[in-house]
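In: please find the sequence and the predicted model below.
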Amino acid sequence: MAYWLVKSEPFKYSWDQFVKDKQTFWDGVRNYAARNNLRAMKKGDEVLFYHSNEGTEIVGIAKVAKEAYQDPTTDDANWVVVDLKPVKKIKKPVTLAQVKADDRLKNMALVRLGRLSVQPVTDEEWDIVMQLGGMK
């Protein structure tokens, strides 16, 4: 199993809306590196849900429910989506400031590749975020 992080601006699509919807396809990705990460996701992989721009914090955990397929919002075959399902809310949201302040996370894509909307997360990074979020 692999770990990932996806970003969403809460005014566009919030964690609370995701929970209400119970499942969604992750669309609108128009960056090749992010697209390649979507293509690499496997059913059952776990995903950190990050509120970007406002809030700037990891707020929840999701799972990949369906692997990459054609993005239904475009006819361009270059772009894909995955289906995600919410699993649980993080007990204590983990802020970007906390991530940047933790030397163990200095190489996390969230710090190094701030604009990338779909990112890999290492096992160690996942464990640290779970600790910071009160999940362990």
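Out: Thanks, I have it. The model shown is predicted, which means the values in this text are computed figures rather than measured ones.
In: which residues in the chain form strands?
Out: Secondary structure of the chain (DSSP state E): strands located at 3-8, 24-25, 46-51, 57-70, 80-95, 118-121.
In: list the contacts for Val64?
Out: Trp4, Met41, Lys42, Lys43, Gly44, Asp45, Glu46, Val47, Val82, Asp83, Leu84 (Cβ atoms under 8 Å, 6 or more residues apart in numbering). Just so you know, the C-beta spots here come from the backbone N, C-alpha and C atoms, and that holds for glycine as well.
In: before we move on, what about Glu9?
Out: Contacts here follow Cβ under 8 Å, 6+ apart; on that basis Glu9 touches His51, Ser52, Asn53, Glu54.
In: and the residue nearest to Asn53 when sequence neighbours are not counted, how far is that from Val19?
Out: Leaving aside its chain neighbours, Asn53 sits nearest to Glu9 (4.8 Å; criterion: Cβ to Cβ, 6 or more residues apart in numbering). According to Cβ to Cβ, to the nearest Å, Glu9 and Val19 sit 17 Å apart.
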